[in-house]
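K.L.:
Starting from these lines, generate the structure:
(one chain, ligands or ions: 1)
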Amino acid sequence: MLNHKHKKMRKNIVAGNWKMNATFQEAEELIADIVESLEKNTPGCEVIVCPPAVYLELASDYANDYENVLSIGAQNVSEYEKGAYTGEIAASMLASMSMEYCIVGHSERRKYFGETNQQLALKVERLLENAIHPIFCCGEQLEEREAGNHFKVVETQIKEALFHFSNDEFSNLLIAYEPVWAIGTGKTATTDQAQEMHAYIRTLIAEKFGKETAEDTTILYGGSCNAANAKELFANKDVDGGLIGGASLKANDFVAIANSF
Ligand code: PGA
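P.N.:
Numbering: from 1, shown residues only. Here you go, the predicted structure:
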């Protein structure tokens, strides 16, 4: 099933998740501003922008013109290959537009669209077949953390959706730990909370796929990450960067985050 020619090695990444925001004109302005700002302040990390699907072509055109400053990702993909699934977007379509990344299993998709770990496993499979790197999101709700179940919740999300893949397949994935209580709330996880969970995720991966794969996996933090707290979060040994929502809609903030390593 695996279609990748090269393995994804661990790297520092800042990815912007625009969610369902921006008109076409606003999207064009934002992507232009981001590219311009990245050219002036080249960060020491890979920068990914994940706009709504209708703007992927626009974003790809910009990325192609500035090949080394920006990668583009989608926010979602269908679990089906192709055919009569009105409104859905296939991984093969994203691949035909040279998409490199795709977010999978964002907590908003789990919450509002009822996505299950089983469906997410299929989405990841479709992406791997099409040589697109999934950015797999996991994270606990506030009540789960308060009940002390946060490690178990994240473990189940990862195991159910990802642990049937081969080592080679898994090596193409990125993980984003996004505690649900920190998303869009202004309430960031402390650096200790982030590091602790990232280290735990890496241990889980090591147990299943071996230490080398675990050390090579990029694990991003997401949830109210902004220009003021990014440096502290990214300084943690197991935090390889961020998945940024709100702050990715302002070019200067987003590029400042990318420059926080
Ligand atoms: P936020 O969103 O940065 O606005 O909290 C992060 C995300 O949902 O990916």
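K.L.:
CA atoms for contacts and neighbours, from now on please.
P.N.:
Will do.
K.L.:
Surely residue 163 is in contact with residue 204?
P.N.:
No: counting by Cα atoms under 8 Å, no contact exists between residue 163 and residue 204, whose distance comes to 9.9 Å.
K.L.:
which residues of the protein fall in helices?
P.N.:
24-40, 56-65, 91-96, 107-112, 117-129, 142-146, 150-162, 167-170, 191-209, 211-216, 230-234, 251-258 (DSSP state H).
K.L.:
Mind putting those into TSV with mean neighbour count, mean pLDDT and distance to residue 15?
P.N.:
Putting these into TSV (neighbours: other Cα atoms under 10 Å; pLDDT from 0 to 100; distance: least, Cα to Cα, whole Å) gives the following:
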stretch	mean neighbour count	mean pLDDT	distance to residue 15
helix 24-40	16	95	12
helix 56-65	18	92	14
helix 91-96	19	98	17
helix 107-112	14	97	16
helix 117-129	22	98	18
helix 142-146	14	95	24
helix 150-162	18	98	20
helix 167-170	18	97	20
helix 191-209	18	97	17
helix 211-216	17	97	18
helix 230-234	21	97	12
helix 251-258	23	97	9
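K.L.:
what about the ones you listed, which gets the closest to the ligand?
P.N.:
With Cα to the nearest ligand atom as the measure, helix 107-112 is the member of the helices of the chain nearest the ligand (7.4 Å).
K.L.:
send the alpha carbons of the closest one over as PDB?
P.N.:
Listed in PDB are the C-alpha atoms of helix 107-112, where the atom choice follows Å, rounded to 0.1, in the frame of the first residue of the first chain:
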ATOM      1  CA  SER A 107     -10.700  17.200  17.400                       C
ATOM      2  CA  GLU A 108     -13.300  19.400  15.600                       C
ATOM      3  CA  ARG A 109     -13.700  16.600  13.000                       C
ATOM      4  CA  ARG A 110     -14.100  14.100  15.800                       C
ATOM      5  CA  LYS A 111     -16.600  16.200  17.600                       C
ATOM      6  CA  TYR A 112     -18.800  17.800  14.900                       C
END
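K.L.:
Tell me if it is near the ligand.
P.N.:
No: contact between helix 107-112 and the ligand is absent, the nearest approach being 7.4 Å (criterion: Cα under 6 Å from any ligand atom).
K.L.:
give me the beta-bridge partners of residue 176?
P.N.:
For residue 176, the beta-bridge partners under DSSP bridges are residue 137, residue 220.
K.L.:
and it, how many residues sit next to it?
P.N.:
Applying other Cα atoms under 10 Å, we find 28 other residues in the vicinity of residue 176.
K.L.:
what sits against residue 198?
P.N.:
Residue 198 makes contact with 177, 219, 238, 239, according to Cα atoms under 8 Å, 6 or more residues apart in numbering.
K.L.:
any chance of those in TSV, plus neighbour count and pLDDT?
P.N.:
Shown next, in TSV, are the contacts of residue 198 (neighbours: other Cα atoms under 10 Å; pLDDT from 0 to 100):
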residue	neighbour count	pLDDT
177	25	98
219	30	98
238	23	98
239	24	98
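K.L.:
Specify which member of the residues you listed is nearest to residue 15.
P.N.:
Proximity of the contacts of residue 198 to residue 15 (Cα to Cα) peaks at residue 219, which lies at 11.6 Å.
K.L.:
which parts of the chain sit against the ligand?
P.N.:
If contacts are counted using Cα under 6 Å from any ligand atom, the residues of the chain sitting beside the ligand are 17, 182, 183, 184, 222, 223, 224, 225, 243, 244, 245, 246.
K.L.:
let's go with 8 Å and repeat that
P.N.:
By Cα under 8 Å from any ligand atom, the residues of the chain that approach the ligand are 16-17, 19, 106-108, 178, 182-186, 188, 222-226, 243-248.
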